[in-house]
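Colleague: Have a look at this prediction, sequence included:
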Amino acid sequence: AQSVTQLDSHVSVSEGTPVLLRCNYSSSYSPSLFWYVQHPNKGLQLLLKYTSAATLVKGINGFEAEFKKSETSFHLTKPSAHMSDAAEYFCVVSNTGGFKTIFGAGTRLFVKA
Amino acid sequence: DTAVSQTPKYLVTQMGNDKSIKCEQNLGHDTMYWYKQDSKKFLKIMFSYNNKELIINETVPNRFSPKSPDKAHLNLHINSLELGDSAVYFCASSPTDRDSGGWGYTFGSGTRLTVV
């Protein structure tokens, strides 16, 4: 069985400060992990993915995430938030073949001017 | 443009009606999905098709019937619409690699269904 938990439903940061969105997963095998972003009234866009290669994964728009097997975590970070980063972020775990995919409940990121 | 396109973008209808949502992808992907996103943004998979064959059918009322005429299309037909069907429905596609966890999804922009 696999599951994914996003530890914060809401995160608020000031523009120019670091962003940390936390995600923990459980899986009985080596999972693939993803982060998606959803801007208001838009579809979801893939930010980055981990599929058993390098543990530090770089994505679009300056985001990156680190896979830590010992902590079963895949936290999303960005050094400096921009107003356009305000959106909903989803952490996702997937099994081999991608047929069993579980979405986290989402974290809403607010960016203050 | 290469994309996943779904129509209509908005759909307002009365209870008891039958409606369809269409989805097409021109990415050459093997697998297509329908997801339902509720008012709390929670995403739940409804169906998944791989090369026109149904591979995932989660607990969804049988009023919902997917149809895949070819691997580039996955349409969703809903009979006897109910108030609780109001949600945003997303179509998605992915290239399927059975030896890995997949390549991630490309999502359509969603169809906001409102049942009144």
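Modeller: Received the coordinates, thanks. Computed from a predicted model, the values in this text were never measured in an experiment.

Colleague: any low-confidence regions in chain A?
Modeller: A:96-99 (pLDDT under 70).

Colleague: what are the ranges of the strands in it?
Modeller: In chain A, strands defined by DSSP state E lie at A:3-6, A:10-14, A:19-21, A:23-26, A:32-38, A:44-50, A:56-58, A:64-68, A:73-78, A:87-94, A:101-103, A:107-112, listed in chain order.

Colleague: One more: chain B?
Modeller: For chain B, strands defined by DSSP E occupy the ranges B:4-7, B:10-13, B:19-25, B:31-37, B:43-50, B:53-57, B:64-70, B:73-78, B:87-94, B:106-107, B:111-115.

Colleague: which stretch in the ones you listed has the least confidence?
Modeller: Mean pLDDT is lowest for strand B:53-57 among the strands of chain B, at a mean of 77.

Colleague: what's in contact with that strand?
Modeller: Residues outside strand B:53-57 that contact it (CB atoms under 8 Å, 6 or more residues apart in numbering or on different chains): A:99, B:31, B:33, B:45-49, B:66, B:68. Placement of C-beta: from N, CA and C, glycine included.

Colleague: can you list the strands of chain A in JSON lines and add mean neighbour count and distance to chain B?
Modeller: Compiled in JSON lines, the strands of chain A are given as follows (neighbours: other CB atoms under 10 Å in any protein chain shown; distance: least, CB to the nearest CB, whole Å):
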{"stretch": "strand A:3-6", "mean neighbour count": "18", "distance to chain B": "11"}
{"stretch": "strand A:10-14", "mean neighbour count": "13", "distance to chain B": "11"}
{"stretch": "strand A:19-21", "mean neighbour count": "18", "distance to chain B": "14"}
{"stretch": "strand A:23-26", "mean neighbour count": "19", "distance to chain B": "12"}
{"stretch": "strand A:32-38", "mean neighbour count": "24", "distance to chain B": "2"}
{"stretch": "strand A:44-50", "mean neighbour count": "21", "distance to chain B": "4"}
{"stretch": "strand A:56-58", "mean neighbour count": "13", "distance to chain B": "12"}
{"stretch": "strand A:64-68", "mean neighbour count": "18", "distance to chain B": "12"}
{"stretch": "strand A:73-78", "mean neighbour count": "21", "distance to chain B": "12"}
{"stretch": "strand A:87-94", "mean neighbour count": "24", "distance to chain B": "4"}
{"stretch": "strand A:101-103", "mean neighbour count": "23", "distance to chain B": "4"}
{"stretch": "strand A:107-112", "mean neighbour count": "17", "distance to chain B": "8"}
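
Colleague: Need those strands in TSV (columns: distance to B:T111).
Modeller: Below are the strands of chain A laid out as TSV (distance: least, CB to CB, whole Å):
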stretch	distance to B:T111
strand A:3-6	25
strand A:10-14	27
strand A:19-21	27
strand A:23-26	28
strand A:32-38	15
strand A:44-50	14
strand A:56-58	31
strand A:64-68	30
strand A:73-78	28
strand A:87-94	18
strand A:101-103	18
strand A:107-112	22
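
Colleague: Having no further points to raise, I will conclude here.
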